[in-house]
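> give me the fold of what follows.
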Amino acid sequence: MSRPKTNYGIPIPSSSTHSNSYNTTSRPMPPLTTTNVAAIAKSINSGSMNISNGSNTRTRQPSRFTQPSTERPIQTTLQRTRLSSQDRSNVQTNGTTHDYKEQLTINPTVTVYSIASTPNQKTSYSNNQSTTSKSSVIATTNELDLKNGGLCGLQNLGNTCFMNSVLQCLSNTKPLLLYCLDDKLENQLNTSTTSVMKGVLMKEYASLIRKMWLPSENRSIVSPSSFKNTIGKFAPRFTGYSEQDSQEFLRYLLQGLSEDVNRIREKPVLIKVDEKQEERMKEIDRAKASWQRCLRYENSQLVDIFAGQLKSTLECSYCQYQSITFDMFWDLSIPLPRNKSSTTLQECFQLFMSREELDGDEKPMCAKCKQKRPCTKQLSIQKCPEILVLHLKRFTQSFGRGKLNNFVDFPIQNLELTDFMSESSENPSPTYNLFGISNHSGSLYTGHYVAECKHPFTHEWHEFNDSSVHPISNETKIVSSNAYVLFYERK
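Model prediction:
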């Protein structure tokens, strides 16, 4: 139970048209034993299981959780960004040496990462193109097992409701779920120097997911203590039991899982970009080139599922020269209007995509004027991910610290992003349906996280409040002022 801190990020090399280097080194990890756990994907994807909506026949004891405990939030004024694994070494934190380092940056709108692919693998720029098979099914797994799977509570280990809410949302993310249940996952773990954890984090996460889903486990409550210990080795800020932010935790987790199944096993040779030549290219070709450069460094199933691309247009107010760059993102941090008690998600998107004035200390260098000039900056979506994660920026450090309790009316079905797409983006733009929410109730100083998720096979909504799981009879009630992180899937 915790109040999220301000918008933190996990740093990555830029995916713009500028050249960059992305060096990763890793500390050795102990060898792991192989766990042969079967997945449940092939029959689902092939359609042979013919899964349809139906009632849940699993019997549950009434919840004994009547009141969540209170967690105190942590306050901070700047964004914190994770450094590359090369920079996470021998850093003193509270008197303890960790293979980790944090750097303060300012980036209030978007989490961007450099994401990549193997040189001998072709990765399509178009969406819904996954290079990893979601196959392999154990013969004894049937439709009823899948319908009843996943309705499993997670024990609160002490101020870990932030973690539990994110884990439940990811547990109900169908493509990631099927990937974790694949018995070929073991062969895809990255034990090279491009992964800090050498596959250990993904292996531990998949083990937790299997306990929550496989019928042989038959559990109604699972303790995530082993997983928590492992994520703490990747990001030491999660080693203790202090209050944390669910969105920040999500970002760290996705980055760590992506590294652990990165298809890039050797550091690629640095490419020098001819910026003048790229300026003569069509915009869509520049976007594709930027995407492919990122894919040279990190390419994983997590990238296939969660990664999208933003276009940023910087225009000099003096000479009107435009500098266009492209960045990959895991999620989008959407601002809320401060002068309205209620708003819509579309209005929040309009605010996110609106033209921003950069002047004073924020003046960037104009490539044409060769000096700092007042500029305008505007964002648009170039490429949509399969799973779209939206962070509603309720916690603010400007104009006084506090939480914005605006009621945001977001669509459960048919989220359209046409108005926010780049002119050179894919056409037509995709439509999304909601399947998960990480809710935060409370204030800046105390609160609690609860997840609300739609089952990927029965399509029924449930509330996951740490150890307790309850069905939601009226799905319209999930739209509330507590919504903090929204999970959408492409139709």
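> show the contacting residues for the nearest residue to residue 406 once chain neighbours are set aside.
Leaving aside its sequence neighbours, residue 406 sits nearest to residue 336 (CB to CB, 6 or more residues apart in numbering; 4.9 Å). Where C-beta positions appear, they are placed from N, C-alpha and C, glycine not excepted. By CB atoms under 8 Å, 6 or more residues apart in numbering, the residues touching residue 336 are 343, 348, 351, 392-394, 404, 406, 408.
> now residue 336: how far from residue 342?
As judged by CB to CB, to the nearest Å, residue 336 and residue 342 stand 10 Å apart.
> then residue 368?
On the measure of CB to CB, residue 368 and residue 342 end up 44 Å apart.
> now residue 430
Separation of residue 430 from residue 342 (CB to CB): 27 Å.
> look at these two and report which has more neighbours.
residue 430 (20 against 11; other CB atoms under 10 Å).
> give me phi/psi at that one?
Note on residue 430: its backbone torsions stand at phi -70, psi 160 [degrees, to the nearest 10].
> which residues in this structure form helices?
For the chain, the helices defined by DSSP state H cover 42-46, 143-148, 161-171, 174-180, 185-188, 200-213, 225-234, 246-260, 275-279, 283-295, 301-306, 345-353.
> if you average pLDDT over each of the ones you listed, which is lowest?
Mean pLDDT per stretch puts helix 42-46 lowest among the helices of the chain, at a mean of 43.
> redo the helices of the chain as JSON lines? Include distance to residue 422 and mean neighbour count.
Listed next are the helices of the chain as JSON lines, based on distance: least, CB to CB, whole Å; neighbours: other CB atoms under 10 Å:
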{"stretch": "helix 42-46", "distance to residue 422": "31", "mean neighbour count": "17"}
{"stretch": "helix 143-148", "distance to residue 422": "38", "mean neighbour count": "18"}
{"stretch": "helix 161-171", "distance to residue 422": "28", "mean neighbour count": "27"}
{"stretch": "helix 174-180", "distance to residue 422": "25", "mean neighbour count": "24"}
{"stretch": "helix 185-188", "distance to residue 422": "33", "mean neighbour count": "16"}
{"stretch": "helix 200-213", "distance to residue 422": "33", "mean neighbour count": "22"}
{"stretch": "helix 225-234", "distance to residue 422": "34", "mean neighbour count": "18"}
{"stretch": "helix 246-260", "distance to residue 422": "24", "mean neighbour count": "26"}
{"stretch": "helix 275-279", "distance to residue 422": "16", "mean neighbour count": "11"}
{"stretch": "helix 283-295", "distance to residue 422": "8", "mean neighbour count": "20"}
{"stretch": "helix 301-306", "distance to residue 422": "19", "mean neighbour count": "25"}
{"stretch": "helix 345-353", "distance to residue 422": "10", "mean neighbour count": "17"}
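> please tabulate these in CSV, including the columns distance to residue 383.
Shown next, in CSV, are the helices of the chain (distance: least, CB to CB, whole Å):
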stretch, distance to residue 383
helix 42-46, 23
helix 143-148, 31
helix 161-171, 22
helix 174-180, 17
helix 185-188, 24
helix 200-213, 25
helix 225-234, 27
helix 246-260, 17
helix 275-279, 17
helix 283-295, 7
helix 301-306, 12
helix 345-353, 15
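> so which of those gets nearest residue 320?
helix 275-279 (15.0 Å; CB to CB).
> now do the closest one: distance to the chain's middle.
32 Å (CA atoms, centre = their mean, to the nearest Å).
> got a pLDDT number for residue 61?
Per-residue confidence (pLDDT) for residue 61: 37.
> what of residue 444?
80.
> what's the neighbour count on it?
By other CB under 10 Å, the burial measure for residue 444, its neighbour count, is 17.
> which residue packs closest to it, ignoring adjacent ones?
Distances taken as CB to CB, 6+ apart put residue 403 closest to residue 444, at 4.9 Å, once the chain neighbours are dropped.
> let's see the pLDDT reported for the one you found.
For residue 403, pLDDT reads 91.
> that one is in contact with residue 395, isn't it?
Yes: with contact defined as CB atoms under 8 Å, residue 403 reaches residue 395; the gap is 5.5 Å.
> more neighbours, these two?
More crowded of residue 403 and residue 395, by other CB under 10 Å: residue 395, with 23 against 18.
> grab the nearest non-local neighbour of residue 349.
That would be residue 420: by CB to CB, 6+ apart, it lies 5.3 Å from residue 349.
> buried among the contacts of residue 336? Make that a ChimeraX selection.
One line in ChimeraX is enough to select the buried ones among the contacts of residue 336; burial here means 16 or more other CB atoms under 10 Å:
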select :343,348,392,393,394,404,406,408
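> which pair of the contacts of residue 336 spans the longest distance?
351 and 394 (13.8 Å).
> hmm, residue 220 is touching residue 154, no?
No: contact criterion CB under 8 Å: residue 220 and residue 154 do not qualify, at 10.8 Å.
> number of nearby residues for the closest residue to residue 418 other than its chain neighbours?
For residue 418, ignoring the flanking residues on the chain, the nearest one in space by CB to CB, 6+ apart is residue 429 at 4.7 Å. For residue 429, the neighbour count with other CB under 10 Å is 16.
> next one: residue 429 from residue 295, what distance?
From residue 429 to residue 295 the distance is 22 Å (CB to CB).
> where's residue 241 relative to residue 161, distance?
11 Å.
> likewise residue 192?
Distance from residue 192 to residue 161, by CB to CB: 35 Å.
> residue 481 too?
Applying CB to CB, the value for residue 481 to residue 161 is 18 Å.
> then residue 451?
Residue 451 sits 9 Å away from residue 161, taking CB to CB as the criterion.
> same thing with residue 414?
Counting by CB to CB, the separation of residue 414 from residue 161 is 31 Å.
> for the closest residue to residue 354 other than its chain neighbours, give me its contacts.
Of all residues not flanking residue 354 in the chain, residue 378 sits nearest, at 7.4 Å (CB to CB, 6+ apart). Going by CB under 8 Å, 6+ apart, residue 378 touches 312-313, 315, 353-356.
> circling back to that earlier point, of the helices of the chain, which is nearest residue 467?
Nearest of those to residue 467, taken as CB to CB: helix 161-171 at 8.8 Å.
> check the chain for its longest strand and report it.
strand 322-335 (DSSP state E).
> what's that one packed up against?
Contacts defined by 3 or more CB pairs under 8 Å, 6 or more residues apart in numbering; DSSP states H and E place strand 322-335 against strand 110-112, helix 246-260, helix 283-295, strand 308-316, helix 345-353, strand 387-393.
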